[in-house]
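Engineer: Structure of the sequence below:
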Amino acid sequence: MPVEIGFHGAAGGVTGSCYRIVHAGGVLLVDCGLFQGSRTVDELNRRPFPFDPAEPAAVLLTHAHIDHAGLLPRLVAHGFGGTVFATAGTAGLLDWVLPDSGGIQEGEAERLNRRNARRGRDMVRPTYTRADAEAALEQVATVDYRAWIDVVPGVRARWWDAGHILGSASIELEIDEPGDGPLRILFSGDIGPGDRAFHPDPEAPAGVDHLILESTYGDRERAQVSEEERRELLRREVAAALERGGNLLIPAFAVERTQEILYDLDILFDTGQLPVVDVFLDSPLAIKATDVFRTHLTEINHPGTPHPFRRANLHPVETVEESKRLARLHGGAIIMAGSGMCTAGRIRHHLKNNLWKAEATVLLVGYQAPGTLGRLLLEGRERVRIHGREIAVRATIRSLEAFSGHADRDGLVAWAAARRPVAGSVFLTHGEDPARATLKAALAKAGFDADRIRLPGLDTVATLARGAVTAERTDRPRLPAEVLADIDWHNDYAETVLDLSRTLDRMPDDAARRALLARVEKAIAAARGEAG
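Structural biologist: I've put the predicted structure just below:
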């Protein structure tokens, strides 16, 4: 039986990482991640899997980020009974990441159902629950870096440090095939940029049949900065925010990014480069993840100073009531709250309370998927909708890429080049199409065969052989590529409502306003008639 690989996420977009390997010995998955982005993309999390969830015998995880592991609870709830293999660092983070995600799913469904009840709409169920997440954790088994293990009959795997977050890995597969030796596939996972506070540079083997390569920043070349230079960039942003007089909001990527920023703030405070101000960590997940970092990274504090995650001015915010009290802060504080793309969680409440204030600052420190609130702010929207309310954006919006956990274009090319020879194809995944196209050109310039660099779409299935792809098909893609990497009609609706409100405000009198509303109602009536 030929080996097949299905690209059921992170293909034409950055989130929802999920690869399905079918071989003579059965089926396994590499990653099973949550989709993040516009509401249309988010809806993929609630639609049926494009395969039978009970079919895979194992899931191999690259790391604990929610876009790589966040659909595991739903997979288990729908019948998956196999083993989830992960490094010890990843397993430690999953203990908190998955139940937290289940709680968020429950909270979002509860909030939406309150609105639906008032509107007379049907109730919705959460994508999965905290109980589903806790059940999934029972199926996790840990693996060591660089150690071969048999994951299913006919397939063995080993994990290599990817330098991305705690426990992150590239995964090497060897699949038994008739003839001379196994078929070798290397999944990059997310590749770190190197020169990180907590990790060595990424590593992996050379000489594989096929390479599955992430391309998140495949169209971006970042200036190479040292830890000291990165810290100086952060100092400037924080100092400028404090000088404006308002609060500084940092949407928190709870795992790794939060801990790196806390570590750098710690040094800036202790060396007098920044005044010691209150830092509120308003993310139960980030708090728990920080505990995991304390367990696994015991030598990170600099000599003669307190541990960076135990400071008098660092205030973990556990409860909802404590979080609500932060609305009384009028300035001079740093609030780090989840989520990093502003898609859910407590950051949305803080944005609602601060975005309209000219003295406030929002500092975005990671990738913002199309259609997310973070992306809209990054693009300079003057008004946004949060929890159904219109909010003017008067705060200063800033972005700092120095904390990115991903290699840029040159870093990805260098990492891929070190994996040569690649006998077959390089599949570019985990990136928007412009990033993938740019990275493909850069790889070709570096000596890779352009004809063997592939850009699979969502739900594309490729048949693999040693050194070749013998077939490729896309049966029923769940979403077209242009929807995966763009805003959707929900974003258009929100912008239209905001634009209508602004236009009505600026009109000279009530007669003009009523005339405009009459034209809008006429268009709605015509559309209603066309829809039957």
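Engineer: Tell me the secondary structure of Val461, please.
Structural biologist: Using DSSP: H, G, I helix; E, B strand; the rest coil, the structure places Val461 in strand.
Engineer: same check, this time on Ala241
Structural biologist: helix.
Engineer: and it, how far is that from Leu455?
Structural biologist: Distance from Ala241 to Leu455, counting by C-beta to C-beta, to the nearest Å: 39 Å. Just so you know, the C-beta spots here come from the backbone N, C-alpha and C atoms, and that holds for glycine as well.
Engineer: quick one, which of these two is more surrounded?
Structural biologist: Ranked by neighbour count (other C-beta atoms under 10 Å), Ala241 and Leu455 place Ala241 first, with 25 against 19.
Engineer: Contact partners for the residue nearest the centre of the chain?
Structural biologist: Among the residues of the chain, the one closest to the centroid is Asp67, at 4.9 Å (C-alpha atoms, centre = their mean). For Asp67, the contacting residues are Ala10, Val14, Thr15, Gly16, Ser17, Gly33, Leu34, Phe35, Gln36, by C-beta atoms under 8 Å, 6 or more residues apart in numbering.
Engineer: Neighbour-wise, which one of the residues you listed leads?
Structural biologist: Busiest of the contacts of Asp67 [other C-beta under 10 Å] is Ser17, holding 34 neighbours.
Engineer: looking at this, that one is in a strand?
Structural biologist: No - assigned with three-state DSSP, Ser17 falls outside any strand and is coil.
Engineer: Looking at the contacts of Asp67, which one is closest to His23?
Structural biologist: Lowest distance from His23 to those (C-beta to C-beta) belongs to Ser17, with 19.8 Å.
Engineer: And the strands in the stretch 51-200 of the chain, which stretches?
Structural biologist: 58-60, 83-87, 140-143, 149-152, 155-161, 169-175, 183-187 (DSSP state E, counting those that start in this stretch).
Engineer: Please convert the ones you listed to a markdown table, extending it with distance to Ser283, mean neighbour count and mean pLDDT.
Structural biologist: Putting the strands of the stretch 51-200 of the chain into a markdown table (distance: least, C-beta to C-beta, whole Å; neighbours: other C-beta atoms under 10 Å; pLDDT from 0 to 100) gives the following:
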| stretch | distance to Ser283 | mean neighbour count | mean pLDDT |
| --- | --- | --- | --- |
| strand 58-60 | 26 | 25 | 98 |
| strand 83-87 | 22 | 23 | 98 |
| strand 140-143 | 23 | 17 | 98 |
| strand 149-152 | 33 | 17 | 95 |
| strand 155-161 | 26 | 21 | 97 |
| strand 169-175 | 25 | 24 | 97 |
| strand 183-187 | 29 | 24 | 97 |
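Engineer: Mind putting the contacts of Asp67 into TSV with pLDDT?
Structural biologist: Formatted as TSV, the contacts of Asp67 follow (pLDDT from 0 to 100):
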residue	pLDDT
Ala10	94
Val14	91
Thr15	92
Gly16	95
Ser17	97
Gly33	97
Leu34	95
Phe35	92
Gln36	87
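Engineer: Out of those residues, the closest to Arg236 would be?
Structural biologist: Checking the contacts of Asp67 against Arg236 with C-beta to C-beta, the nearest one is Val14 at 27.9 Å.
Engineer: Same question for that closest one, what's its three-state structure.
Structural biologist: coil.
Engineer: Correct me if wrong: it contacts Leu428.
Structural biologist: No - taking contacts as C-beta atoms under 8 Å, Val14 lies outside contact range of Leu428: 11.9 Å.
Engineer: Let me see the domain layout of this protein.
Structural biologist: Domain segmentation of the chain under automatic domain parsing yields 3-221+404-484, 230-403, 492-531.
Engineer: Show me the helices in the stretch 151-300 of the chain, by range?
Structural biologist: Per DSSP state H, counting those that start in this stretch, the stretch 151-300 of the chain has helices spanning 227-244, 257-270, 284-296. These are given in chain order.
Engineer: tell me what the second one is packed against?
Structural biologist: To tie it back to what came earlier, the one meant is helix 257-270. Counting contacts by 3 or more C-beta pairs under 8 Å, 6 or more residues apart in numbering; DSSP states H and E, helix 257-270 is packed against helix 227-244, strand 279-282, helix 284-296, strand 334-337.
Engineer: go with 7 Å
Structural biologist: Judged by 3 or more C-beta pairs under 7 Å, 6 or more residues apart in numbering; DSSP states H and E, the packing partners of helix 257-270 are helix 227-244, helix 284-296.
Engineer: The first one now?
Structural biologist: Judged by 3+ C-beta pairs under 7 Å, 6+ apart, the packing partners of helix 227-244 are strand 248-251, helix 257-270, strand 361-364.
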